[in-house]
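J.: here is my input, please return the structure:
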Amino acid sequence: MNTYRRVTQVLLLASALSPWAGGAQARPPIRQLGPVHATSIDTLGLATNIRALPGGRLLINDVSSRRVLLVDSTFASISIVADSTSTTANAYGPRSGSLIAFRGDSTLFVDAASLSMLVIDPQGKIGRVMSVPRSQDAMMLAAAGVGVGAFYSNNHLVYRGLPAFQMRMNASGTPGMPAVADTMPIVRVNLTSRVLDTVGFVKIPKTNISMSNTDGKFNVGIEVNPLPVIDEWSVTSAGHIAMIRGKDYHVDWMLADGTRKSSGKMPFDWKRMSDDEKVALIDSVKALRDRMEAANPGQNSQLAQAYGAVMGGGSPPPDMMMLLGGGGGGAPRGMPQVSAVVTYVSPTELADYQPPFFATAARADADGNVWIRTINTKPTAGGPVYDVINADGDVIDRVQIPVERTIAGFGAGGVVFLSHTEGTVTRLERARVR
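T.: Purely as a prediction, here's the structure:
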């Protein structure tokens, strides 16, 4: 059972939430995704993103195996485009990369480690190699492993920028953990002029982090909100940038021609959370985390190491590296023992109304729509439910996918690709919207 489903069940079991006094607009009825027509035979590791090509072929980014595969319409492998061995001329770097739909039927593969982008033609051949437009943004361009990478639109790469942060000094005069803003910019860079501009800002989960270095032991305190009110974003197949606001569930748009507009509020079954329900939710999430930690004792140490590279840039900022025991400009020297303590915000800090979605919930299909994986405020058997939003910001459909599946990508003509993981085995499935 994946983490999204576990947390969703916690929300549903916490209590029957009271309806919002203002009522809810009518929403399209939930319907099931069309049947699965094909399943891959070969197993994959972690297929974070795919690129549908003409003739039913697929480029698959398997980040855990560090390889890019080209497969045909039956999911039979045609070739290995890039991998981490010497079997191909194109190396998959030491960090995870990302596939980006580029001009026509070509594809970019972003290799953050080498600061390069491979241009892959529809036959899976590398036509040329481009440098990333801004070296400091390479990790954000290749960030598909966390659900959001970059998109191509009208000669621009559109991606999530780094949040602003400010280093703080402890009372002892040593550097403290940076205060990180609760918003991130959505930026775009022109591939010809390399000019960068900001499209807008999206609200991200606020995580309070503290750290200390005592007798060679590095301690990280992480305080999280398990039910944050955040924004999501995506770029449609028509090149329009959609920023979906979680507070009132509407979309702010920047169209491909630069025009800006905002859609009206979309219908959602808003549910109010009482004080008792907030307490029950925090207690349930704590119990869930205790069970997960018992199953994976090294999890807290992994979290601490991850937060060491605070902004996803691969290395901690220089002031933090001093606290870690290393020098600026390279990997930390003499890394101390690392431990982490995860805590949760006070129940009073939870929002009064359950938000419509979690982070990494938005995906654009091949027909100009954005799919949002919603948090169901009413018990619904089966897998995740997606709101399908058109270019006018209207919810035109609500689609439920099978259990234990996530959407890996879309193809033309209403094709949906699903990722199905059982234990350590992951396979792709091809279905249709109807």
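J.: the stretch 101-250 of the chain: helices as residue ranges?
T.: 138-141 (DSSP state H, counting those that start in this stretch).
J.: any regions of it where pLDDT drops low?
T.: 144-148, 163-179, 216 (pLDDT under 70).
J.: so where do the strands sit in it?
T.: 107-111, 116-120, 126-131, 151-153, 156-160, 165-169, 175-180, 183-190, 196-203, 208-214, 217-224, 231-235, 241-245, 250-254 (DSSP state E, counting those that start in this stretch).
J.: out of those, which is closest to Ser65?
T.: Of all these, it is strand 107-111 that lies closest to Ser65, at 14.6 Å by Cβ to Cβ. Bear in mind the C-beta positions are built from the backbone N, C-alpha and C, glycine included.
J.: adjacent strands (with direction) for that closest one?
T.: Using DSSP bridges, strand 107-111 pairs in its sheet with strand 98-101 (antiparallel), strand 116-120 (antiparallel).
J.: now those strands as TSV including mean neighbour count and distance to His240?
T.: What follows is the strands paired with strand 107-111, written out as TSV (neighbours: other Cβ atoms under 10 Å; distance: least, Cβ to Cβ, whole Å):
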stretch	mean neighbour count	distance to His240
strand 98-101	24	14
strand 116-120	22	23
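J.: using CSV, lay out the ones you listed together with distance to Thr424.
T.: Below are those laid out as CSV (distance: least, Cβ to Cβ, whole Å):
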stretch, distance to Thr424
strand 98-101, 23
strand 116-120, 28
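J.: out of those, which is closest to Pro28?
T.: Between these, strand 98-101 lies closest to Pro28; by Cβ to Cβ that is 27.7 Å.
J.: which residues does that closest one contact?
T.: The contact list for strand 98-101, computed with Cβ atoms under 8 Å, 6 or more residues apart in numbering, reads 48-51, 59, 61, 68, 107-110, 117, 141-145, 149-152, 157.
J.: how about stretch 284-293: buried residues?
T.: By neighbour count with 16 or more other Cβ atoms under 10 Å, stretch 284-293 contains the buried residues 284-285, 288-289.
J.: narrow those to those in helices?
T.: 284-285, 288-289 (DSSP state H).
J.: quick check, distance from stretch 242-254 to the centre of its chain.
T.: Centroid separation for stretch 242-254 versus its chain: 17 Å, with Cα atoms, centre = their mean, to the nearest Å.
J.: likewise for stretch 105-120?
T.: On Cα atoms, centre = their mean, the centre of stretch 105-120 falls 19 Å from the chain's centre.
J.: quick one: end-to-end length of it, please.
T.: 9 Å (Cα to Cα, to the nearest Å).
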